[in-house]
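Based on what follows, work out the 3D shape:
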Amino acid sequence: MRLIQDRANPKESRLEMTSMIDVTFLLLIFFMCTLRFKDLEGLLAAHLPKDVGLSRADAERAEPVEIVLRVVEAGSTLRPDRSGPAIDGGRFVYGDDRVVQYRVGPWSTTDLAELEQRIREVRVARAPTPDGEPVRATIDPRTGTIHDDVMQVMDRVAAAGFERVAL
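Numbering: from 1, shown residues only. This is a model prediction of the structure:
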């Protein structure tokens, strides 16, 4: 950038913008040429359904085992160290009086051990499809459930032998 003085009026000066614009465009071109696109980190493998598309073959689709979580009793909120009730509304944990209902089809319970036994029975009763696709499980957490509720159910589902779990 160069400062040019007007010889007729020495008090007036102006900046020459041409060189600044040239440098700006050169930087823009440089950054556009060196840009690398990042792969998606959370990319999940998608399995397309086999019963739609150009193929006319009838595919037998195994229905997923649907597990619905619903909070029956929210329970008390305690401080993280469980020393007393959480009053300030900050970080807290739920007390032992929290009740979550687990439903698999028409069957329901509030006990995780019973839930695990039931999904094991369902897993054994449903064989994989003829094309070898494993039985899937779907966890449907309703309003009021927390991450811990879902994780406990996911642990039970994995222990029962389900290979594919969806939320």
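
those strands in this protein, which residues are they?
Assigned by DSSP state E, the chain shows strands spanning 3-5, 13-15, 65-73, 77-78, 93-94, 99-104, 107-109, 136-141, 164-166.

Could you save those as CSV and add columns showing mean pLDDT and mean neighbour count?
Glycine gets a C-beta too; all of them are placed from N, C-alpha and C. Formatted as CSV, these follow (pLDDT from 0 to 100; neighbours: other CB atoms under 10 Å):
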stretch, mean pLDDT, mean neighbour count
strand 3-5, 59, 10
strand 13-15, 74, 10
strand 65-73, 88, 18
strand 77-78, 76, 16
strand 93-94, 78, 17
strand 99-104, 89, 18
strand 107-109, 86, 14
strand 136-141, 87, 19
strand 164-166, 83, 13
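
Mind checking those strands for the one nearest to Pro85?
When the strands of the chain are compared by CB to CB, strand 77-78 sits nearest Pro85, at 6.2 Å.

May I see the strands of the chain organised as JSON lines, with distance to Arg118 added?
Formatted as JSON lines, these follow (distance: least, CB to CB, whole Å):
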{"stretch": "strand 3-5", "distance to Arg118": "83"}
{"stretch": "strand 13-15", "distance to Arg118": "78"}
{"stretch": "strand 65-73", "distance to Arg118": "9"}
{"stretch": "strand 77-78", "distance to Arg118": "30"}
{"stretch": "strand 93-94", "distance to Arg118": "24"}
{"stretch": "strand 99-104", "distance to Arg118": "5"}
{"stretch": "strand 107-109", "distance to Arg118": "6"}
{"stretch": "strand 136-141", "distance to Arg118": "12"}
{"stretch": "strand 164-166", "distance to Arg118": "16"}
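
Phe37: which of these is closest?
strand 164-166 (28.6 Å).

Check which helices and strands that closest one sits against.
Where contact means 3 or more CB pairs under 8 Å, 6 or more residues apart in numbering; DSSP states H and E, strand 164-166 is packed against strand 136-141, helix 147-159.

Fine by me, we can end here.
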